[in-house]
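**Q** could you work out the structure for the sequence below:
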Amino acid sequence: MIEIISDHSYTSQAMLVCGTLTGYLIICCTLLIGHLLGAVIDKRIDCLFSIGAIIMFIASGTIVVDRWCSQFLHPQDRNAIKGAGAFMLINAFMFLADTFIILRS
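**A** Numbering: from 1, shown residues only. Modelled structure (predicted):
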């Protein structure tokens, strides 16, 4: 995705988006493996990761929709960018629901 954006003013925003996706892929896989192996994960650590995910995915989703929709000329590419931004925002709300579930347990 970073190579597609020709304007270098968006580089830090592209790094935020790619860092969020990559970082939370690693974090969620690690937590899932730990859960499957029966590890006890502290509720505070789980909430900390979920709250961080909420912030990062909302920021990434709004950046993708706001900054990158105007960069693509084809409607199919614009729809793909809007879909990616929407999925990031949906993922933020899923982490919000996860936070409430963790706090209630």
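**Q** next one, pLDDT for M1 please.
**A** On pLDDT, M1 comes in at 49.
**Q** same check, this time on the one 10 residues further on
**A** Among the per-residue scores, T11 shows a pLDDT of 73.
**Q** count the residues that sit near it.
**A** Residues lying near T11 (other CB atoms under 10 Å) number 11. All C-beta atoms are positioned from the backbone trio N, CA, C, and that covers glycine.
**Q** any idea which element it lies in?
**A** Using DSSP states H and E, T11 maps to helix 11-36.
**Q** list the buried residues for that helix?
**A** Neighbour-count burial for helix 11-36, counted by 16 or more other CB atoms under 10 Å, picks out 13-14, 17, 20-21, 24.
**Q** tell me the helix or strand right after that helix.
**A** In N-to-C order, the element after helix 11-36 by DSSP H and E is helix 43-68.
**Q** for that following helix, buried residues please.
**A** Quick answer for helix 43-68 (16+ other CB under 10 Å): 46, 49-50, 53-54, 56-61, 63-65, 67-68.
**Q** gap between the residue nearest the centre of the chain and G19?
**A** Nearest residue to the geometric centre of the chain (CA atoms, centre = their mean): F57, 3.6 Å. Distance of F57 to G19, computed by CB to CB, to the nearest Å: 12 Å.
**Q** pull the number of nearby residues for F95.
**A** Residues near F95, counting by other CB under 10 Å, number 21.
**Q** kindly report the same for the one 5 residues further on.
**A** If you count neighbours by other CB under 10 Å, F100 ends up with 11.
**Q** cool, and the one 5 residues further on?
**A** Using other CB under 10 Å, S105 has 7 neighbouring residues.
**Q** what pLDDT does the residue nearest to it when sequence neighbours are not counted get?
**A** Spatial nearest neighbour of S105, excluding adjacent residues (CB to CB, 6 or more residues apart in numbering): K43 at 7.5 Å. If you check K43, the pLDDT there is 89.
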